[in-house]
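J.: Structure of the sequence below:
(one chain, ligands or ions: 1)
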Amino acid sequence: MRRQFSDQVRQSAVVLAGLLAVLLFASVPPRSSADFSAPSPPVVVPVDRDGVQRVTIVVDSYSYTPSHLQVDVGKPVELILNSVTIITPHNFVLKDPTAGLMIEEDVPSGKGTIVRFTPTQRGLFPFYCDKKLLFFKSHRDKGMEGLLDVR
Ligand SMILES: [Cu+2]
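T.: Okay, the predicted model is just below:
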């Protein structure tokens with residue numbers, strides 16, 4: 001009798017734990033571009049005399065400034081990423097294989113990096129820093145992300 005009772009308790013505990021796990025899992029939505037509310041209006045990247053859409057982005061912990069960019073489709077883009085951090089390394093990740101964009105560039109502390117590409121599809125493309133220290137939150141989770149609006 002006693003054993004039966006403890007078995008029942010154990011079974012209930014397992015069922016409860018399962019339910020809890022399902023609830024926890026279900027309450028974490030998948031990340032998408034819709035999760036990032038970019039500051040509006042976007043910075044319209046100007047076209048230089050050489051036909052390149054060129055903009056300088058300040059890379060800091062944990063931000064890109066500006067973080068919301070608007071560019072024209074089919075014209076080359078040049079992002080001049082200037083890090084102003086003293087120690088923390090960052091990077092710039094913009095990946096959308098269907099749009100032919102597979103960018104992952106390191107931005108070492110206190111240094112500059114230039115990212116060049118030509119967008120061939122219109123759309124909203126999130127970019128972010130995926131650096132992360134041990135068990136801490138990723139830089140993206142700390143707000144280090146932005147949005148490229150290709151029109
Ligand atoms: Cu970072």
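
J.: contacts, neighbours, all on C-alpha from now
T.: Noted.

J.: Which residue does this protein have closest to the ion?
T.: Each residue of the chain has a distance to the ion, by Cα to the ion, and the smallest belongs to His90, at 3.6 Å.

J.: check contacts around the closest residue to that residue other than its chain neighbours.
T.: Using Cα to Cα, 6 or more residues apart in numbering and skipping the chain neighbours, the partner closest in space to His90 is Val107 (5.1 Å). Val107 is in contact with 81-83, 89-92, 113, counting by Cα atoms under 8 Å, 6 or more residues apart in numbering.

J.: Test for you: state the pLDDT assigned to Val107.
T.: pLDDT for Val107: 98.

J.: likewise Glu104?
T.: In this model, Glu104 is scored at 98, pLDDT.

J.: all strands of this protein, in order?
T.: Taking DSSP state E, the strands of the chain run over residues 43-44, 53-60, 63-65, 68-71, 77-83, 90-96, 101-107, 112-117, 123-128, 145-150.

J.: angle of the longest one against strand 112-117?
T.: Between strand 53-60 and strand 112-117, the angle comes out at 140 degrees (axes from the mean of the first three to the mean of the last three Cα atoms, to 10 degrees).

J.: Find out how far strand 53-60 is from the centre of the chain, if you would.
T.: 16 Å (Cα atoms, centre = their mean, to the nearest Å).

J.: now that strand: mean pLDDT?
T.: The predicted model gives strand 53-60 an average pLDDT of 98.

J.: Thanks a lot, catch you later.
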